[in-house]
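Asker: Have a look at this prediction, sequence included:
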Amino acid sequence: MLKITGLEKLQKELKEAEQALSELDGELGVVNFDPHDPASIEAAIQSVNRMIDSRVEPHVDNPIVGSLADQMKDSYRENILQKAAEARLQADEDK
């Protein structure tokens, strides 16, 4: 007979992940930045990171939640950098 252990822990982690995802659903907030100012761009990225961290804080020790939060932070970071680059290109074209 095969005995499987750890299912309770996994179920708990999945339930916490579900709760954390519901906290992240919808609008996190609004960030504004100057696409020509690297410090402003970085501040916007850090602001989004704090927004995500505050939403998942109750589940910070959950490895699933931590991984999802890191992926979201990376995604938002890339999105902000892309928007800044697009705005700079548009400004150059408008000259």
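Answerer: Yes, it's here. Numbering: from 1, shown residues only.
Asker: count of residues packed around residue 84?
Answerer: Residues lying near residue 84 (other CB atoms under 10 Å) number 20. In this view, the C-beta of every residue, glycine as well, is placed from N, C-alpha and C.
Asker: Pretty sure it sits against residue 41.
Answerer: Yes - Residue 84 is within contact range of residue 41, at 5.1 Å (criterion: CB atoms under 8 Å).
Asker: check contacts around residue 82.
Answerer: For residue 82, no contacting residues are found, by CB atoms under 8 Å, 6 or more residues apart in numbering.
Asker: what's the helix or strand for it?
Answerer: Using DSSP states H and E, the element containing residue 82 is helix 63-93.
Asker: Now do the shared contacts for residue 84 and residue 41.
Answerer: Taking CB under 8 Å, 6+ apart as the contact rule, residue 84 and residue 41 both touch 33, 35.
Asker: residue contacts, residue 20?
Answerer: Going by CB under 8 Å, 6+ apart, residue 20 touches 55-56, 58-59, 62, 65, 68-69.
Asker: again, only this time at 6 Å
Answerer: Neighbouring residues of residue 20 by CB atoms under 6 Å, 6 or more residues apart in numbering: 56, 59, 65.
Asker: That's all I had, so thanks and see you.
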